[in-house]
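Q: With the sequence up front, the predicted model follows.
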Amino acid sequence: MSDPAAAAAASLPTSVLATVKLVHVFGGIYIWEFVTSLDFEVEVYTRKRPWRWSLLVYIAARVLAMGAIITEFFGFDYPSEFNCNVWLRATLVFSFAAIMLSSLMILLRGVAVWGRSIYVVVFSSAIWLGNVAVAIWTMSLGEAVWFPPLGTCAITGAEKLRTGILVDLFADVILLTIMLAGVMNKRNGTGLWRVLYIQGLSWFLIAVCSKIPPIVMGFLNIDVGWNLMFNTPHRACYF
């Protein structure tokens, strides 16, 4: 009896090739951005900038996002057959861990803007923890098999990942709305206020614009290539 996952991989569409190329393009862009902005981390490590524990969340998110990119490169470029399911799980863990830490940064900014209001802390934490729970569940979805014609791993059932990204979009929109509401509530026209407002609005637009394409493709479910095509661009833009 033939393996269903292997049979699905054998009929992969040509859009998978375009997806692999897009992974390398946006992965390369992220690596370039990561390297060119390392001076900030260096200043933190050398104590030229004051240390705050929230910086640990920021740095960890960047490192985990880099881990996701490198793991993707390995899966698509390593020439010999290996355990593709383990590779997929590692990619998802790195990706969702980085995404959750990015959402945590939004939560922390919102809590700070609202002066650590207990209502904001409890509500925002509940939203974030719910997002984390769905992310953990999403990591268990999808399968990957070795695809000899391409000499790479092929992901099947990629449309199942759409729920995790959709919930993350809703969670980020709620957290960003809380943060922006706090900024508007303290509107005073100072330079710091303008920075917080522009930064919050930018985060909102980036979150929405980077997450909608992979969600739409996941629900359209055209084929595995289209389902995955915008996942790496989403991470590269978001981080």
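A: Nice, I can see it. None of these values were measured; they are calculated from a predicted model.
Q: alpha carbons only for contacts and neighbour counts from here, please
A: Fine.
Q: what number of residues lie near Leu85?
A: In this structure residue 85 is Asn, not Leu. 17 (other C-alpha atoms under 10 Å).
Q: quick one: it and Ser140 touch, right?
A: No. Counting by C-alpha atoms under 8 Å, Ser140 is not a contact partner of Asn85; they are 10.3 Å apart.
Q: Let me know the secondary structure of Trp146.
A: Under DSSP: H, G, I helix; E, B strand; the rest coil, Trp146 falls in the strand class.
Q: Report the separation between it and Ala18.
A: 18 Å (C-alpha to C-alpha, to the nearest Å).
Q: Give me the more crowded residue out of those two.
A: Neighbour comparison, Trp146 and Ala18: the larger count goes to Trp146, with 22 against 13 (by other C-alpha under 10 Å).
Q: From Cys153, how far out is that one?
A: Trp146 is 5 Å from Cys153, by C-alpha to C-alpha.
Q: Same question for Ala112.
A: Counting by C-alpha to C-alpha - Ala112 and Cys153 are separated by 43 Å.
Q: between these two, which one's more packed in?
A: Cys153 (26 against 15).
Q: There's contact between that one and Asp77 in this structure, I believe.
A: No. Using C-alpha under 8 Å, Cys153 is not in contact with Asp77, being 9.1 Å away.
Q: so what sits against both of Trp146 and Cys153?
A: Cys84 (C-alpha atoms under 8 Å, 6 or more residues apart in numbering).
Q: pLDDT weak spots in this protein?
A: Within the chain, the segments meeting pLDDT under 70 span 1-14, 150, 189, 224-226, 236-239.
Q: Just the helices from the protein, written as ranges.
A: Listed in chain order, the helices of the chain (DSSP state H) span 4-10, 15-36, 38-45, 53-77, 84-113, 118-139, 162-185, 191-220, 224-228, 231-238.
Q: deepest of those helices, which one?
A: The highest average neighbour count among the helices of the chain, using mean count of other C-alpha atoms under 10 Å, belongs to helix 224-228 at a mean of 25.
Q: List the residues that contact Met229.
A: With C-alpha under 8 Å, 6+ apart, Met229 has these contacts: Val16, Ala18, Thr19, Val20, Leu22, Val23, Pro214.
Q: quick check, nearest of these to Met184?
A: Pro214 (30.8 Å; C-alpha to C-alpha).
Q: How about that closest one, nearest residue that isn't a chain neighbour?
A: Of all residues beyond its chain neighbours, the one nearest Pro214 is Phe230 (5.1 Å), with distances taken as C-alpha to C-alpha, 6 or more residues apart in numbering.
Q: Surely Asn231 is in contact with Pro214?
A: Yes. Here Asn231 reaches Pro214: they are 5.7 Å apart, a contact under C-alpha under 8 Å.
Q: ok, now which ones touch the closest residue to Val167 other than its chain neighbours?
A: Leaving aside its sequence neighbours, Val167 sits nearest to Asn131 (C-alpha to C-alpha, 6+ apart; 6.5 Å). Asn131 makes contact with Met100, Val167, Asp168, Ala171, according to C-alpha under 8 Å, 6+ apart.
Q: measure Asn131 to Met100 for me?
A: 8 Å.
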